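Chemist: Pasting the sequence and the predicted coordinates here, then a few questions.
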2 protein chains.
Amino acid sequence: MTKNLGEFEQLILFALLDLAGSDSYGVLIREAIERRTGRAVSSGAVYTGLERLQEQGLVSSHIGEPTAERGGRRKRLYRLQPKGAEALDRSVRIFTAMSRGLLPRLRARLAGNDNPNAREDV
Amino acid sequence: MTKNLGEFEQLILFALLDLAGSDSYGVLIREAIERRTGRAVSSGAVYTGLERLQEQGLVSSHIGEPTAERGGRRKRLYRLQPKGAEALDRSVRIFTAMSRGLLPRLRARLAGNDNPNAREDV
DNA sequence: AACATTTGTCCTGCAATGCAGATGATAGAC
DNA sequence: GTCTATCATCTGCATTGCAGGACAAATGTT
């Protein structure tokens, strides 16, 4: 069995799933993550993440054809591989199993004041 | 705003939430994670994780009283702090936002054969 | 009191991930 | 050829993930 997915890697794989069908290249992947999570990420982060996922065989890539549209460097198109889908699935399952039944409790904590053992130490 | 939670840190915080009310100390935390996720973790991993969460103020701890039960070292009791609940919440939200609508697509990939762009490259 | 046993924590060290910013490469437009 | 828009890659460091063994402290035993 393959390794565990990191948190950011997970985001990248989801982005790939989101973009499936269309061109999924760095810039779009980054945008997908920012759009969905509302958090800013650098493109460098995305590419290094993609490369590491590729090393593990979870993602594949190839250089795209030059587009007729507008200038710029050629895109590298990324694709989620079966191994990647499995890894993402495992990751999702772990999250689900770990959070099962606890979300209401989390909300309660956030509401504050009702923390059952709310002593302040260390 | 505080930092992003790592994947394993997230598990630890959920475990703390799970154990809330009772003694939450290293051994139980570890067991909670293993029970829920079905994956083995070393106790060392748990303690270093807890310590780092503590440094960030997401978790607090104090040494417990010696129990009348049976020998052994004193427990260190951990507690989820408000900042920790917030961090966990943010982390959950990111996951939710990122995965929204994509789980069916993921299942489809796992079922195989219907990958819309299933070319093998690199 | 010494020591054996049990229970639980801490330490050390390294590998993997997260992340940003600068730099480099290529394509079309003029 | 040069400009400019697009993207990708490189470099480097901080943070997290993780394991295994060492260590500590409590109780029971003789």
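Modeler: That came through fine.
Chemist: mind checking pLDDT for the nearest residue to residue A:81 once chain neighbours are set aside?
Modeler: Spatial nearest neighbour of residue A:81, chain neighbours left out: residue A:60 (5.4 Å); criterion: Cβ to Cβ, 6 or more residues apart in numbering or on different chains. (Glycine included, C-beta is placed from N, CA and C.) If you check residue A:60, the pLDDT there is 94.
Chemist: what's the answer for the one 10 residues further on, then?
Modeler: As summarised for this prediction, residue A:70 has a pLDDT of 69.
Chemist: returning to that earlier point: would you mind naming the residues that bridge with the residue nearest to residue A:81?
Modeler: Partner residues in beta bridges with residue A:60, using DSSP bridges, are residue A:79.
Chemist: In chain A, mark out all the strands, start to finish.
Modeler: A:59-63, A:76-80 (DSSP state E).
Chemist: The residue nearest to residue A:81 reaches residue A:82, doesn't it?
Modeler: No - Residue A:60 is not in contact with residue A:82 according to Cβ atoms under 8 Å; the separation is 10.2 Å.
Chemist: check whether stretch A:14-25 contacts DNA strand C.
Modeler: No - taking Cβ under 7 Å from any atom of the strand as the criterion, stretch A:14-25 and DNA strand C are apart, separated by no less than 12.4 Å.
Chemist: Show me which positions of that stretch end up buried.
Modeler: A:14, A:15, A:16, A:17, A:18, A:19, A:20, A:24, A:25 (16 or more other Cβ atoms under 10 Å in any protein chain shown).
Chemist: picking up where we left off before, mean neighbour count, the strands of chain A: which tops it?
Modeler: Among those, strand A:76-80 has the highest mean neighbour count (mean count of other Cβ atoms under 10 Å in any protein chain shown), at a mean of 23.
Chemist: Return the alpha-carbon coordinates of it using PDB.
Modeler: Listed next in PDB are the C-alpha coordinates belonging to strand A:76-80 (Å, rounded to 0.1, in the frame of the first residue of the first chain):
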ATOM      1  CA  ARG A  76       2.100  20.700 -18.700                       C
ATOM      2  CA  LEU A  77      -1.100  18.700 -18.400                       C
ATOM      3  CA  TYR A  78      -1.600  16.700 -15.300                       C
ATOM      4  CA  ARG A  79      -3.800  13.700 -14.800                       C
ATOM      5  CA  LEU A  80      -5.000  11.700 -11.800                       C
END
